[in-house]
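Trainee: This is the structure alone, sequence omitted:
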């Protein structure tokens, strides 16, 4: 498993969790997780 694949999986997990938390009502935590997810996608792109 390459570093890009690890970042991709982590990004998906953070995005899914962030979306779930957003709908449960914790706006700040949900947005932090979604932002981290997007950041991981950007980091994974050049290495892949």
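Mentor: That came in fine, so what should we check first? Because the structure is a prediction, the values reported are computed rather than measured. Numbers count the residues shown, from 1 in each chain.

Trainee: OK, contacts around residue 7?
Mentor: 40-41, 43-44, 47 (C-beta atoms under 8 Å, 6 or more residues apart in numbering). To be clear about C-beta, it is placed using only N, CA and C from the backbone, and glycine gets the same treatment.

Trainee: Please name the nearest non-neighbouring residue to it.
Mentor: residue 44 (3.5 Å; C-beta to C-beta, 6 or more residues apart in numbering).

Trainee: And for residue 29?
Mentor: residue 21 (5.3 Å).

Trainee: re earlier: three-state assignment of the residue nearest to residue 7?
Mentor: Under DSSP: H, G, I helix; E, B strand; the rest coil, residue 44 falls in the helix class.

Trainee: Residue 38: how many residues sit nearby?
Mentor: Burial of residue 38 is recorded as 14 neighbouring residues (other C-beta atoms under 10 Å).

Trainee: typo on my end, residue 12
Mentor: Residue 12 has 13 nearby residues by other C-beta under 10 Å.

Trainee: what's the helix or strand for it?
Mentor: If you go by DSSP states H and E, residue 12 is part of helix 3-24.

Trainee: And that helix, what's buried?
Mentor: For helix 3-24, the neighbour count (16 or more other C-beta atoms under 10 Å) marks 7-8, 10-11, 14-15, 17-18, 21-22 as buried.

Trainee: can you tell me which residues contact the residue positioned nearest the centre of the chain?
Mentor: With distances taken as C-alpha atoms, centre = their mean, the chain has residue 37 as the residue nearest its mean C-alpha position (1.9 Å). Applying C-beta under 8 Å, 6+ apart to residue 37 gives the contacts 11-12, 14-15, 18.

Trainee: switch to 6 Å and redo it
Mentor: Residue 37 sits next to 11, 14-15 when contact means C-beta atoms under 6 Å, 6 or more residues apart in numbering.

Trainee: With respect to residue 29, which of the residues you listed is nearest?
Mentor: residue 14 (11.3 Å; C-beta to C-beta).

Trainee: Could you verify my assumption that that closest one touches residue 31?
Mentor: No - using C-beta atoms under 6 Å as the test, residue 14 is too far from residue 31 to be in contact (11.6 Å).

Trainee: Thanks a lot, see you next time.
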